[in-house]
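Generate a structure from the sequence data that follows.
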Amino acid sequence: MTLTVHSTPTPADPAIDAMVAALPKVSLHCHLIGSVAPGTVLDLARKHGVQLGRSAEELYEHGSYEDLGEFLRVLDVVGSLIRDPDDFARVTYESLTAGGAAHGVLHREVHLSPPGHPGVPYPTILEGVLAGARDAEADTGIQARFLVGICRERSGAAAVELVEQVVAHRVDEVLGIGLDYAEVNGPPGRFVEAYRLAARSGLRRTAHSESGPPDHVRVLLDELGCSRVDHGYHVVDDPELTARCVEERVPFTCTPVSSDIGRYSGSGDGSHRRIAEMVDAGLLVTIDSDDPPMFGTDPTHDHRVLAHALGWRRDRLADLTRNAVEACWLDDTDKAALLARVEAQVAVTPDAPPAPQEDPA
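So this is what the prediction gives:
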């Protein structure tokens, strides 16, 4: 099934392009399975003897992802092709280098999805991603940490079992857990026990809330103990909850392009008005790319669309990166070092001319 993409194409502008390319970025909402380039998917399919029946150009039909179910079906196919440590090392390395450092990403907290790799033991996933991350840092300087995503379409008991695996194979690079897949099929209250186990084990917690009501955000904060929220666009529908999140500095990791296609952050018209409302309300917003090649985007492009749609320039966009430093799960010493890298790079980033003002007449 292929649906029409409603996002407005972004015009070319050399000054904006230079600005967003040079901006430092901190990535807190990027899924490993969703980061696999089409050519790599085809290579993995050949390696494992799987017939896909599509070319690299046909593999990701961005418009069809207005239907979340269709997107998740593609995601599951890709996840099933990543099977051994070499596979995980390759896709991690590519996500962090060509998909990250090449776009100015200094730090990325990668969402892993063990349920998306059927039959692959969690230690195998760890072995590969840690190897890929070490090589990427050695080659480009990008630093990576990881969080393990619970599939909310499975049971609460399965979630507990996954957290038990994370605890049993604890490594310093895995900082916490998340909650993803279709929110309508797995309301957050189902996973309280798994999140309490994570809390007792010293793991950080986040969770997706892209299509659910604002009250789901309350559950994430009060029952799951999340220190940040992935997406969370509907928080601004509840003024009391918005005020609370502003006061408590709750971070929201927003993804402009994917959420526009999915119609979570607006009506698919490229206005990104939900993100603008969140920033205008004083919420702690960060920007990332979600599943970049699957949605035809990258970290540079997600910043570019905001620069065009909202008129944001260097200082406003740099504030979003500073927010991401605050929201990341590094310790205070490492945060300070990361912020110093960000500020040094912002200082040499060229600004683009202000957006033209509309004639009130």
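
tell me the average confidence for the lengthiest helix in the chain?
The longest helix of the chain (DSSP state H) is helix 122-140. If you average the pLDDT over helix 122-140, you get 98.

who touches it?
Helix 122-140 has contacts (CB atoms under 8 Å, 6 or more residues apart in numbering) with 32, 84-93, 96-97, 100-102, 110, 112, 114, 117, 142-144, 146, 162, 165-166, 169, 171, 173-174. For the C-beta atoms, the positions are set from N, CA and C on the backbone; glycine is no exception.

Of those residues, which belong to strands?
Judged by DSSP state E, those include 110, 112, 143-144, 146, 174 as members of strands.

Check the residue nearest to Val91 when sequence neighbours are not counted and give its pLDDT.
Leaving aside its sequence neighbours, Val91 sits nearest to Val36 (CB to CB, 6 or more residues apart in numbering; 5.0 Å). For Val36, the model assigns a pLDDT of 96.

Test my guess that Val36 contacts Pro292.
No - contact status for Val36 versus Pro292: not in contact, 9.7 Å apart, counting by CB atoms under 8 Å.

What is the neighbour count of Ser35?
27 (other CB atoms under 10 Å).

Could you give me the buried positions within the worst-scoring helix or strand of the chain on mean pLDDT?
Taking mean pLDDT, DSSP states H and E as the measure, the chain has helix 56-59 as its least confident helix or strand, at a mean of 76. Within helix 56-59, the residues scored as buried using 16 or more other CB atoms under 10 Å are Leu59.

for that helix, the distance to its chain's centre please.
Here the centre of helix 56-59 is set off from its chain's centre by 22 Å, with CA atoms, centre = their mean, to the nearest Å.

next structured bit after that helix?
Next in sequence after helix 56-59, counting helices and strands by DSSP states H and E, comes helix 68-80.

Can you give the distance from that following helix to the centre of its chain?
16 Å.

same deal with stretch 173-193?
14 Å.

Dump that stretch to CSV, keeping only the CA atoms.
Below are the C-alpha coordinates for stretch 173-193, written out as CSV (Å, rounded to 0.1, in the frame of the first residue of the first chain):
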residue,chain,number,x,y,z
GLU,A,173,26.9,1.6,27.7
VAL,A,174,23.3,0.6,28.1
LEU,A,175,21.8,3.4,30.2
GLY,A,176,18.1,2.6,30.3
ILE,A,177,14.9,1.3,28.7
GLY,A,178,12.1,2.7,26.4
LEU,A,179,8.7,1.7,25.2
ASP,A,180,7.8,1.7,21.5
TYR,A,181,5.5,0.3,18.8
ALA,A,182,1.8,1.2,18.5
GLU,A,183,0.5,3.1,21.5
VAL,A,184,-3.1,2.1,20.9
ASN,A,185,-2.2,-1.5,21.2
GLY,A,186,-0.2,-1.1,24.4
PRO,A,187,-1.2,1.6,26.9
PRO,A,188,1.6,2.5,29.3
GLY,A,189,0.0,1.2,32.4
ARG,A,190,0.5,-2.3,31.3
PHE,A,191,4.3,-2.0,31.9
VAL,A,192,4.5,-0.6,35.4
GLU,A,193,6.1,-3.8,36.8
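
what is the mean pLDDT for it?
On average, stretch 173-193 scores 95.
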